[in-house]
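Novice: Only the shape, not the letters, is given here:
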């Protein structure tokens with residue numbers, strides 16, 4: 001990815017930015033896969049292809065809670081309905097008809113690119129930035145791996161890290177990510193800078209971290225990066241930036257409101273500029289006219305009434321005036337505390353503050369998405385306003401500080417060992433280095449000697465333990481940390497409160513505020529259902545190891561990992577319990593959940609029977625409400641043999657799928673002593689007489705019908 005000088009990079013295009021970043025990228029990739037592989041569409045706009053229109057249509061259909069407003073699309077659909085033949089061609093995706101008749105609908109076809117196809121290109125550009133698709137929107141090898149992370153082959157270093165497949169894919173890509181200058185030669189690696197900074201300093205504030213990572217670029221001077229990182233303090237990123245003062249502001253006279261509004265703008269709020277103008281007037285009066293307590297009070301009162309807005313506009317991320325609300329020092333003391341505003345160059349001072357604050361604000365705005373993407377790597381913790389490396393002991397062994405230092409910035413054309421002369425060779429194309437599947441050891445250029453050294457350092461960190469034991473030690477430690485996290489962040493009563501909120505989808509915003517802004521509400525539902533079941537089991541199950549969710553280093557849910565498994569699969573010595581959780585309403589359940597829930601239940605039971613584990617398998621279908629068909633079908637299937645969808649020659653019977661409502665699960669949380677007994681009673685409920693079932697009943701029936709008809713004809 002190339003950026004211009006002075007440009008602040010972003011890892012997700014403005015028009016496609018959203019809180020549930022990882023879910024969005026996964027969803028966009030899934031849609032792209034459907035369009036290209038299932039529908040066989042070439043990535044192009046109308047009339048050459050329906051691909052970009054179809055991408056946008058599916059995006060808003062899959063995430064209605066995100067794409068609430070889509071005016072251009074709605075208007076286009078209304079216009080299309082006025083032309084029945086054209087409308088039918090669009091509904092049936094009949095590209096041949098469109099191409100034969102496009103001259104008659106040139107204006108209509110042109111409108112596809114105004115708020116529909118152009119947005120599809122914006123959203124998919126985010127996949128390109130992270131190497132999941134190339135410029136032509138063909139899915140790259142690493143993109144295909146993200147679609148099915150179960151296929152990932154972890155190397156020795158990756159096996160040590162207690163993170164899942166999705167985490168590993170993002171870790172690899174972020175380590176490879178490079179931002180290039182306009183010539184495509186000089187580069188900056190933000191994730192390597194993040195690791196370097198967190199190795200040098202155990203902890204950074206989120207603002208310091210964001211400014212360091214987001215504020216640097218390929219044009220920055222990295223000569224003394226060690227000192228810069230070690231000594232960095234909030235706001236330093238803009239301290240060396242020189243602001244060009246417009247000629248109209250190079251005056252010691254008070255400027256007119258017209259001139260003021262020419263240079264002080266706020267694209268999000270017109271009323272904000274009114275506040276800026278009022279503040280300027282009061283500041284000017286205090287600095288340039290005879291000072292008195294009344295003018296100072298007027299200035300400070302207005303500031304206090306608009307503190308947040310004015311600090312953001314002129315404070316460079318901090319308070320403009322370092323006074324407690326209501327404090328009114330003498331103007332002599334005030335002047336001593338704030339000498340920078342008394343130079344007499346008020347116009348230049350205020351414009352400089354405004355410009356630097358704007359840059360800092362943009363850095364922090366873009367860093368919000370960067371932070372969410374960095375979370376997906378699973379090794380950086382963002383907690384209580386601070387940032388640090390998770391598994392620090394292990395990471396300090398795996399990541400060689402000097403090597404990371406050499407990777408965080410450089411010039412490709414001068415790196416003879418890299419093998420790449422410019423950004424095109426590094427990231428341009430479906431099978432370029434950036435888009436290929438490359439393991440952590442390969443990215444770090446570790447050969448046998450380096451790996452042996454890493455192993456030596458790890459043994460020193462974990463004395464008396466073999467390398468084979470370390471993943472289990474870390475996993476057990478993380479499990480204990482997760483239990484403490486649940487006790488602290490999700491006590492039982494809070495879980496019940498959240499679980500009850502899912503009944504009304506107007507509570508979605510509140511749910512995300514209570515749990516995690518980075519995940520979708522359906523993903524959060526799975527997460528909370530798992531915690532509720534943890535309490536129902538008497539806290540005895542390994543919930544962390546049972547989730548099929550990708551979590552951050554801080555145990556926050558990010559995205560459902562997929563891969564054809566149940567939402568939560570809990571293995572114990574004598575039983576396996578699978579939980580399938582859905583927020584789909586009763587009607588949608590029949591269409592969207594029956595098949596996958598049944599498939600997962602059958603395959604899990606066949607898998608256990610094939611392995612001869614002797615464990616009893618029970619599935620629970622958790623939802624807010626059910627229709628009677630759902631309830632009765634789950635009861636009825638226990639009576640018939642069912643075929644595995646993985647191994648077609650294998651069958652099982654007495655598949656138990658018990659529906660449980662959210663409110664009922666709340667009640668079960670208080671009855672952990674009845675956990676085992678309840679599961680036994682469920683099986684008793686579903687138990688059917690083991691009558692021999694004829695697998696050929698249908699064929700025999702049809703043969704008899706046909707034979708009887710044939711006899712009749714004779």
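Specialist: Yes, it's here. On a predicted model such as this, the values are computed, not experimentally measured, just so you know.
Novice: neighbours of the closest residue to residue 666 other than its chain neighbours, just the number please.
Specialist: Among residues not flanking residue 666 along the chain, residue 496 sits closest, at 4.6 Å (CB to CB, 6 or more residues apart in numbering). Just so you know, the C-beta spots here come from the backbone N, C-alpha and C atoms, and that holds for glycine as well. When counting by other CB atoms under 10 Å, one arrives at 20 neighbours for residue 496.
Novice: Report pLDDT for residue 496.
Specialist: Listed pLDDT for residue 496 reads 97.
Novice: which residues touch it?
Specialist: Shown in contact with residue 496 (CB atoms under 8 Å, 6 or more residues apart in numbering): 532, 666, 669.
Novice: Which helix or which strand is home to it?
Specialist: When elements are assigned from DSSP states H and E, residue 496 belongs to helix 492-501.
Novice: worst-scoring helix or strand of this protein, pLDDT-wise?
Specialist: The helix or strand of the chain with the lowest confidence, counting by mean pLDDT, DSSP states H and E, is helix 697-713 at a mean of 62.
Novice: List the buried residues for stretch 63-75?
Specialist: 63, 70, 72-73 (16 or more other CB atoms under 10 Å).
Novice: Do me a favour and get the end-to-end distance for it?
Specialist: Stretch 63-75 has an end-to-end distance of 19 Å (criterion: CA to CA, to the nearest Å).
Novice: follow-up on the earlier one: mind listing what's buried along the helix holding residue 496?
Specialist: Burial within helix 492-501, assessed by neighbour count using 16+ other CB under 10 Å, is assigned to 492, 495-496, 498-499, 501.
Novice: Just flag the most distant two among the residues you listed.
Specialist: 492 and 501 (15.4 Å; CB to CB).
Novice: returning to that earlier point: wait, which of the buried residues of stretch 63-75 is closest to residue 527?
Specialist: When the buried residues of stretch 63-75 are compared against residue 527 (criterion: CB to CB), the nearest one is residue 63, at 18.2 Å.
Novice: got the phi/psi numbers for that closest one?
Specialist: phi -130, psi 60 (degrees, to the nearest 10).
Novice: residue contacts, it?
Specialist: The contact partners of residue 63, by CB under 8 Å, 6+ apart, come to 24, 27, 520.
Novice: What is the neighbour count of the first one?
Specialist: Close neighbours of residue 24, defined as other CB under 10 Å, add up to 24.
Novice: Surely it is in a strand?
Specialist: No. Counting by DSSP: H, G, I helix; E, B strand; the rest coil, residue 24 is not found in a strand; it is helix.
Novice: That one and residue 360: what is the separation?
Specialist: Computed as CB to CB, to the nearest Å, the residue 24 to residue 360 distance reads 26 Å.
Novice: now swap in the second one and tell me
Specialist: The gap separating residue 27 from residue 360 is 32 Å, by CB to CB.
Novice: neighbour-wise, which of those two wins?
Specialist: Shown here are residue 27 and residue 360; by other CB under 10 Å, residue 360 has more neighbours (26 against 19).
Novice: out of the buried residues of stretch 63-75, who's nearest residue 384?
Specialist: Of all the buried residues of stretch 63-75, residue 63 has the smallest distance to residue 384: 30.0 Å, by CB to CB.
Novice: thinking again about what came up before, got CSV for the buried residues of helix 492-501, with distance to residue 87 too?
Specialist: Listed next are these as CSV, based on distance: CB to CB, whole Å:
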residue, distance to residue 87
492, 54
495, 48
496, 49
498, 44
499, 44
501, 40
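Novice: out of these, who's nearest residue 457?
Specialist: residue 495 (40.6 Å).
Novice: Verify the contact between that closest one and residue 669 for me.
Specialist: Yes. The pair residue 495 / residue 669 is scored as a contact, 7.0 Å apart, by CB atoms under 8 Å.
Novice: got any residues that touch both of the two?
Specialist: Counting by CB under 8 Å, 6+ apart, the contacts common to residue 495 and residue 669 are 532, 535.
Novice: Can you list the low-confidence ranges for the protein?
Specialist: For the chain, residues meeting the criterion pLDDT under 70 lie at 14-17, 415-419, 562-564, 586-587, 589-592, 688-695, 697-698, 701-702, 705-706, 708-714.
Novice: residue ranges of the strands in it, please?
Specialist: Under the criterion DSSP state E, strands of the chain are mapped to 179-180, 186-188, 204-205, 380-383, 386-389, 409-411, 549-551, 557-560, 568-571, 575-581, 616-623, 642-643, 651-652, 657-661.
Novice: Show me the one of the ones you listed that comes nearest residue 37.
Specialist: Short answer: strand 557-560, nearest of those by CB to CB, at 20.7 Å.
Novice: That's all I had, so thanks and see you.
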